[in-house]
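Trainee: Sharing a sequence plus its predicted fold:
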Amino acid sequence: MTFDVIIRHGELVDGTGAPAKRSDVGISGDRITAVGDLSEASARLEVDASGKVVCPGFIDMHSHADQTVLLYPDGESAIGQGITTVVCGQCGFSPAPLNEHYLSCFWEWNWWDKVAPRKYYQEPVADLEAVRKHALDTDGLDINWSSFGEWLDRVRQVKPSINMVPLVGHGSVRAAAMGEDYRRAATDDEIRAMKRYVEESMDQGACGISNGLDYAPNSYATIEESYEVIGAAIDKGGIFCSHWWRTGLRQGFGNPGLINGVKQALDIAMNTGAKIELAHLSPGYLLAPSSTPKLSICAAEETLDVIDRAIRDGVDVSFDVIPNHTTGGVLHAKYLAALLEPWLKEAGDLERFSKNLRAPDLRQEIKQYILSGKWYSLNPVIQPGWAERILIG
């Protein structure tokens, strides 16, 4: 028996829940074609996995790899963790469809102030042509697509190392339909336009839809809009991944939904018939001034009870969690001064900011602004244990 590749002598964990066992794996083309004792077989390439675990590639159920796959098609940050498949287009953000405006996600932040300058909170929706210019000038990325299908064609051209399950983002279709005038309820015509974008995206290769109710412009959507727009993807056989209403729009005091946000997401799934993945699930209750192990367990159990009730009512629910809360969460910064972003941007660079901080009235100004609760990133009013959330490595 001959294979293209044989992985020999590894400890096989096959994902079924069965105990690990010593086994060989034979690969022909892009398929695993044999598992077991292949000592009598040969292959063009043989890999000695002695002392190592051999398992299927991991599936990352919550990824933003679609945002940067054209810049980093090798997907080293995923492949290095054993991730071979990503479900992307999460939190209401997807690279397409595009109309006259563009919705920023994360990767654009290094140059976004050149497109939509602000001192305090970023304006996430900006003119598409301006974004195209700066993406090309700064990152060498030509945003030359409009439809979801055109973006997928670009992805196929770069032959990414990871398998992708792309979702269309509710926030992105809202930006396409409403542009910068999104801080309000959508009209019937705008909702119909959003549904058309979703339907076209599904026909062109999207596998479902996501929302992000803590982020603009999605945070301004009414529940009726959510039923209609998300339902358009479900009617096409898609799944629904929800960054549920947890903190509310992350400006000033926010507008926390917490457990009501979990219930709202489950309600959308119930009303649309969606299979729902609750994104980065966390307890739906605030614990102040700080938590304890017993309180954390109680809050988690109460949150899971809400999900269990929805399952009993017939909702198909799964969820994912963020496992790295002790390493600083999902956002990392090189400099502690990044937490004082408005004043750092105003200074222009770290050296100038350091000199500016010698002024006692500026230090008092920053302190008063933070203590007032107006700066969400350091908000002692709604985050009494804020200092414990900052890890300096």
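Mentor: The structure has been received and is ready for your questions. Numbering: from 1, shown residues only.
Trainee: pLDDT score for Val330?
Mentor: pLDDT, Val330: 66.
Trainee: what comes up buried for stretch 9-29?
Mentor: For stretch 9-29, the buried set under the neighbour-count rule, 16 or more other C-beta atoms under 10 Å, comprises Gly10, Glu11, Leu12, Val13, Ser23, Asp24, Val25, Gly26, Ile27. The C-beta positions use only the backbone N, C-alpha and C, and glycine is treated the same way.
Trainee: Ser219: which of the residues you listed is nearest?
Mentor: Of all the buried residues of stretch 9-29, Ser219 sits closest to Val13, with 40.8 Å by C-beta to C-beta.
Trainee: ok, Asn356 - contacts?
Mentor: With contacts defined as C-beta atoms under 8 Å, 6 or more residues apart in numbering, the neighbours of Asn356 are Trp343, Ala347, Leu362.
Trainee: Now the biggest helix by length in the chain: average pLDDT?
Mentor: Using DSSP state H, we find that the single longest helix of the chain is helix 293-312. In this model, helix 293-312 has a mean pLDDT of 96.
Trainee: go on, stretch 151-169?
Mentor: pLDDT averaged over stretch 151-169 gives 98.
Trainee: quick one: Pro56 and Gly82, what's the gap?
Mentor: As for Pro56, its distance to Gly82 is 9 Å (criterion: C-beta to C-beta, to the nearest Å).
Trainee: Phe58 too?
Mentor: For Phe58, the distance to Gly82 under the criterion C-beta to C-beta works out to 5 Å.
Trainee: Please apply the same query to Gly169.
Mentor: Taking C-beta to C-beta as the measure, Gly169 falls 26 Å from Gly82.
Trainee: Tell me which of those two has more neighbours.
Mentor: Regarding Gly169 and Gly82, a neighbour count based on other C-beta atoms under 10 Å identifies Gly169 as having more, with 33 against 12.
Trainee: Contact partners for that one?
Mentor: When contacts are counted by C-beta under 8 Å, 6+ apart, Gly169 touches Gly89, Gln90, Cys91, Gly92, Phe93, Ser94, Leu103, Ile209, Ser210, Asn211, Gly212, Asn218.
Trainee: State the pLDDT value of Thr327.
Mentor: pLDDT, the model's per-residue confidence, is 46 for Thr327.
Trainee: which other residues reach stretch 213-228?
Mentor: Counting by C-beta under 8 Å, 6+ apart, residues outside stretch 213-228 touching it are 91-93, 103, 124-125, 169-171, 174-175, 178, 182-186, 191, 194-195, 211-212, 229, 242-250, 257, 261, 264, 267-268, 271-272.
Trainee: In it, which residues are buried?
Mentor: 213-221, 225-228.
Trainee: One more: stretch 299-312?
Mentor: Neighbour count says stretch 299-312 has Ala299, Thr303, Ile307, Ala310 buried, by 16+ other C-beta under 10 Å.
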